[in-house]
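[1] Show me the folded form of this:
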Amino acid sequence: MSSTRVLESRQQAHEVLAAVRDRIETTPWRGERGRTALRVLRAHLTFAEIADGPLHHASERQTAEEAGVSRTTLRVVYETVLKPHGWLRRLRVGHGQEGSTWYLADGNAHASLSRFQTTQYPPDLALEEWPTPETRAAADIDSTVIGRLMGHDAFAHHGLGSSALMIIGALHARPAQTVSELVGSASVSRATAYRTLQRLADHGLAHHSAETWSLVPRALEGFGTSLPDEVPGPTAHPAQGWDAVAHQYGTAGVATRRKALHAAERAAYREALERLSEHRSKAMVIVRDGRWVLIPAPRPDEIPSAWHAPGGRVLDPVTGRPDTEWRVATDGRLILITPSDQRSYNELAAAHAEALSEWESVA
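    Prediction:
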């Protein structure tokens, strides 16, 4: 696996990312898992371009939303394709509100995404296709178009899917290709090419003239890109819009539901972090026989209700005024006293148990 590089300028970083993009677009991504890996890798390339270098930050949820896949699928292709083949490395796992730190590499750790180089053996189960002399040809796709389309509901797993992304990316990079040419440029089997082209034609997104296939000129309208003017064929809008395609396949709303799920997970995670950050207790110390003994602080459920003040504050039983040092945590059990104390909850629990033992022995 290639190591990280120290980039001396922004221009050099852009050159590195351009080289990575070129390698991505000319690498065969065979089988459903390979095509899904391309979607995840393309999402990371987008993040790297925003960060102006291969070193970038991204959470799993953020990447899954960008790629239009589930977090489970994302982890599978990372562990089985992208990481072992040298495309992507996680340098640091994210924590709190910070995403993980990633390094986007050029995939030099692999020569091909297929384990076997002849057809006399079964295919790699992870790639789900037999390699053939045709599919071993160099790929030629426009990954930028794929990156813009892959998050749409129309290209969800049970919709047009990743094979349609590959065909569209290949036809956008080079219009008017035969099925045999698409087998190589889009890294799909002949059967997949025929099946996907027919689906695209049924939705008014592709058409054929004699033996060659092309996208209709306005097929990608609304995604910030368009086809070259010289593309032959009809100039009408696709027969159905992208949303209509998603509705037809029953995938409409997949991206919205995924984002809502991720938002709920983020909220629950941050709430848990907030509760943990409040697990602090007052440190009271007495000197007994020349040594310091920590007195365990009482729990909130041991505090009389008359001591509780609005906003989680605690009333001083002597003065009747809110005590600035005491606070009831949101979980209703622990006290927030010293926010500067950065010990973990486990460390605090261990300290509390030790203090309780010492206090009981002294008492």
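[2] From now on I want contacts and neighbour counts done on CA atoms only, so please keep to that.
    OK.
[3] ok, which stretches of the stretch 151-300 of the chain are helices?
    Residue ranges of the helices in the stretch 151-300 of the chain, as given by DSSP state H, counting those that start in this stretch, are 161-173, 179-185, 190-202, 242-249, 254-277.
[4] now could you export just the CA positions of the fourth one as CSV?
    Coordinates of each C-alpha in helix 242-249 appear next as CSV, following Å, rounded to 0.1, in the frame of the first residue of the first chain:
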residue,chain,number,x,y,z
TRP,A,242,-35.6,11.1,-12.6
ASP,A,243,-38.2,11.3,-9.8
ALA,A,244,-40.7,9.4,-12.0
VAL,A,245,-38.1,6.7,-12.6
ALA,A,246,-37.6,6.4,-8.8
HIS,A,247,-41.3,6.2,-8.2
GLN,A,248,-41.6,3.5,-10.9
TYR,A,249,-39.0,1.3,-9.2
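[5] which residues sit against that helix?
    Under the contact criterion C-alpha atoms under 8 Å, 6 or more residues apart in numbering, helix 242-249 has outside partners 153, 154, 155, 158, 159, 160, 203, 252.
[6] Nearest to residue 142, out of those residues: which one, please.
    Within those, proximity to residue 142 (C-alpha to C-alpha) peaks at residue 155, which comes in at 16.2 Å.
[7] For that closest one, give its distance to residue 165.
    As judged by C-alpha to C-alpha, to the nearest Å, residue 155 and residue 165 stand 7 Å apart.
[8] Also residue 47?
    20 Å.
[9] Could you do residue 19 as well?
    Taken as C-alpha to C-alpha, the span from residue 19 to residue 165 is 21 Å.
[10] which one of those two has more residues nearby?
    When residue 19 and residue 165 are compared for neighbours, residue 165 comes out ahead with 24 against 14, by other C-alpha atoms under 10 Å.
[11] hang on, the more buried one packs against residue 144?
    No. If you go by C-alpha atoms under 8 Å, residue 165 and residue 144 don't touch, sitting 10.9 Å apart.
[12] Under the pLDDT cut-off, which ranges of this structure? List them.
    Across the chain, the ranges flagged by pLDDT under 70 are 1-8, 96, 109-137, 221-240, 272-273, 275-307, 311-312, 317-318, 325-353, 355-363.
[13] For it, which segments count as strands?
    Secondary structure of the chain (DSSP state E): strands at 55-58, 88-92, 100-104, 177-178, 206-209, 212-215, 284-288, 291-295, 313-315, 322-327.
[14] Tell me which residues touch residue 192, please.
    By C-alpha under 8 Å, 6+ apart, residue 192 lies in contact with residue 163.
[15] do that again at 6 Å, thanks
    Residues near residue 192 by C-alpha atoms under 6 Å, 6 or more residues apart in numbering: none.
[16] can you count the residues close to residue 31?
    There are 26 residues near residue 31, going by other C-alpha under 10 Å.
[17] what does residue 72 give?
    10.
[18] Return the distance of it relative to residue 61.
    Separation of residue 72 from residue 61 (C-alpha to C-alpha): 10 Å.
[19] list the buried ones in stretch 149-158?
    Residues 149, 150, 151, 152, 153, 154, 155, 156, 157 are the ones in stretch 149-158 that count as buried (16 or more other C-alpha atoms under 10 Å).
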